[in-house]
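>>> A predicted structure for the sequence below; I have some questions about it.
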Amino acid sequence: MDEKICPTGKDAVVYILPIFAMQYFMGALVQLKNTALFRVALLPITPWLAWRAVSALDLSCGVHEKAQINAIFVSHIMMLSSRAIVWAVVQEPYIRGNVPASVPAAFWNAWDLLLNSRGIGWNWSRGIPVAKRSLETNSRIRFLVHAAIRVFFYGLAFDAFTEAICSFSPNFGSWRGDSILDCSLPLVPRYLRALKILYLSVWLTYFALHWAYYCLAVVCIIIFYQHPSQWPPLFDKPWLSTSLSDFWGRRWHQMFRFALVSLGGGPSTYMFGLPGGVLGTFLISGIFHVIELRAVGRGGSTAVQVGFFVLNGVGVLLERAWAKKTGRRVGGISGWIWTFSWITLWGLPVVDEWAKAGRFAVDRFPGGVKPTMALLSMVLPPEVDKGYTLQCLCFGTSLPFLVYTLFTLS
């Protein structure tokens, strides 16, 4: 295979623009009647265009610290392709706002369909949970102000938790990477250290996704004039989850739910029944995450990455078997302990793969800016260990959420 190229403006037109053009065209067709055969005929084109772009382009231009750009690019291209596949085979036209689209309206609505991964306002979104809004407003200006505040807060938190993790080992902050299991430590301290890194990594993921979400919300509301109602909260307090079904089915983000269920759950349910549908959905999610991690430029164990998601699917099935056997659903404090124990058990090897692949070393912001360290340098004497200070701040501000959880579980 030829070496990947650092894309220029011309390369973006040749490789990337055709993907969005085809996706946009499919988004218009899926709203119109009697287009099924045409959509199926066009089905192979988008995946082929996506493969061509991913195989040819290196958006990091060989700079390891910018490799996260490749992961973002690949994950978006994968979701575009998966949605195009779903749109090609659906039987009923997509309808926005209960009004069947004319041809001009379909091409106008296609912009919204491209950017609306949860289908808010569309007939295909039934069954996708949406978290309750803390800010009910129809004012775009007011929403943009609140979104800008969130962009600042979540971006700062994302940076702080990443730096806190990197403070555990100098190799976490470099492309070399390192295991979160320090074999020079005795067994108990070794795993306590690994659990602390896992804990910080979960919050890092939460803040990073929130930061990206509200950045996109600001762009879409300003440029595409979307309504604030199309940008409800991304998460629904996942720390309150009292079962794996509650965590994955409602409280964790549902941005890719429709595509994952359609591509993995639907066919697996048809072949193997409901248990197969659950495992198929988690399996396809694991495959997507493996591809996304490999886009950073380092390998990582496929078995570990896919196994995490499949075993969470197994956990969901165990909960259903428990409910069927006992007549009681998993819930309460015991359900909370079960949920996060199961996620921790299988999540620890995943975070270890992230660390060994140098995932924590990537630039969070343009130019390698590290705002948290800059702020601490302004207020702390030079001799103070800023990494340890960040660890204390991150644990000190996030652990109260867990205390709050234990007092509010029902």
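Structure received.
>>> switch to C-alpha atoms for all contacts and neighbour counts from now on
Fine.
>>> Arg190 belongs to a helix?
Yes: the assignment for Arg190 by DSSP: H, G, I helix; E, B strand; the rest coil puts it in a helix.
>>> Against Asp182, how distant is it?
6 Å (Cα to Cα, to the nearest Å).
>>> Gly367 now?
Relative to Asp182, Gly367 is positioned 31 Å away (criterion: Cα to Cα).
>>> Of those two, which one has the most company?
Higher neighbour count among Gly367 and Asp182: Asp182, with 15 against 8, using other Cα atoms under 10 Å.
>>> what about the more buried one, which SS state?
coil.
>>> Would you mind confirming that Phe158 makes contact with Leu204?
Yes: the pair Phe158 and Leu204 qualifies as a contact (Cα atoms under 8 Å) at a distance of 5.4 Å.
>>> export stretch 226-233 as CSV, just CAs?
The C-alpha coordinates for stretch 226-233 follow below in CSV (Å, rounded to 0.1, in the frame of the first residue of the first chain):
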residue,chain,number,x,y,z
GLN,A,226,-30.6,24.7,13.7
HIS,A,227,-32.9,25.1,16.7
PRO,A,228,-31.7,24.7,20.3
SER,A,229,-34.2,21.9,20.7
GLN,A,230,-32.1,19.8,18.3
TRP,A,231,-29.2,19.9,20.8
PRO,A,232,-30.4,18.3,24.1
PRO,A,233,-27.9,17.1,26.7
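>>> mean confidence score for it?
If you average the pLDDT over stretch 226-233, you get 89.
>>> Show me the contact partners of it.
Contacts with stretch 226-233, where a contact means Cα atoms under 8 Å, 6 or more residues apart in numbering, come from 112, 116, 120-121, 130-133, 137-140, 143, 217, 220-221.
>>> Selecting buried members of these in PyMOL, what would you type?
Applying 16 or more other Cα atoms under 10 Å to the contacts of stretch 226-233, the buried members can be selected in PyMOL as follows:
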select buried, resi 112+116+120+121+130+131+140+143+217+220+221
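>>> quick one, helices of the stretch 151-300 of the chain?
Remark: helices assigned in the stretch 151-300 of the chain by DSSP state H, counting those that start in this stretch are 187-223, 244-246, 257-260, 266-294.
>>> Nearest to Asp352, out of the ones you listed?
Within the helices of the stretch 151-300 of the chain, the stretch nearest Asp352 is helix 187-223; the backing value is 8.3 Å (Cα to Cα).
>>> Which positions in that closest one come out as buried?
Of the residues in helix 187-223, those with enough neighbours to count as buried (16+ other Cα under 10 Å) are 191, 193-195, 197-201, 203-204, 206-211, 213-218, 220-221.
>>> before we move on, what about stretch 151-164?
The neighbour-count check on stretch 151-164 (16+ other Cα under 10 Å) flags 151, 154-164 as buried.
>>> Export those residues to TSV and append columns for pLDDT and distance to Trp51.
As requested, the buried residues of stretch 151-164 are arranged in TSV below (pLDDT from 0 to 100; distance: Cα to Cα, whole Å):
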residue	pLDDT	distance to Trp51
Val151	96	32
Tyr154	96	32
Gly155	95	31
Leu156	95	34
Ala157	95	34
Phe158	95	31
Asp159	95	32
Ala160	95	35
Phe161	96	34
Thr162	95	31
Glu163	95	34
Ala164	95	36
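>>> Run through this protein and note the low-pLDDT ranges.
Within the chain, the stretches falling below the threshold (pLDDT under 70) are 1-2, 135-136, 297-299, 410.
>>> so is Arg328 in a helix, a strand, or just coil?
coil.
>>> Pull the contacting residues for it.
Arg328 makes contact with Trp322 under the criterion Cα under 8 Å, 6+ apart.
>>> can you give me phi and psi for it?
Dihedral angles phi and psi of Arg328 (degrees, to the nearest 10) take the values phi -130, psi 130.
>>> residues near Thr8, how many?
Here the number of neighbours of Thr8 (other Cα under 10 Å) works out to 11.
>>> Also Pro381?
Pro381 sits with 10 neighbouring residues when counted by other Cα under 10 Å.
>>> try Val13
Counted with other Cα under 10 Å, the neighbours of Val13 add up to 12.
>>> Now for the buried residues of stretch 151-164: which two are most distant?
Using Cα to Cα, the pair of these lying farthest apart is Val151 and Ala164, separated by 19.8 Å.
>>> So Lys151 versus Cys394, what's the distance?
Lys isn't right for residue 151; it's Val. Relative to Cys394, Val151 is positioned 18 Å away (Cα to Cα).
>>> ugh, typo on my part, it should be Leu311
When Cα to Cα is applied, the distance between Leu311 and Cys394 equals 29 Å.
>>> same deal with Leu181?
The spacing between Leu181 and Cys394, counted by Cα to Cα, is 21 Å.
>>> Closest to Arg39 out of the contacts of stretch 226-233?
Within the set of the contacts of stretch 226-233, Asp112 lies nearest Arg39; the separation is 19.0 Å, counting by Cα to Cα.
>>> Fine by me, thanks again.
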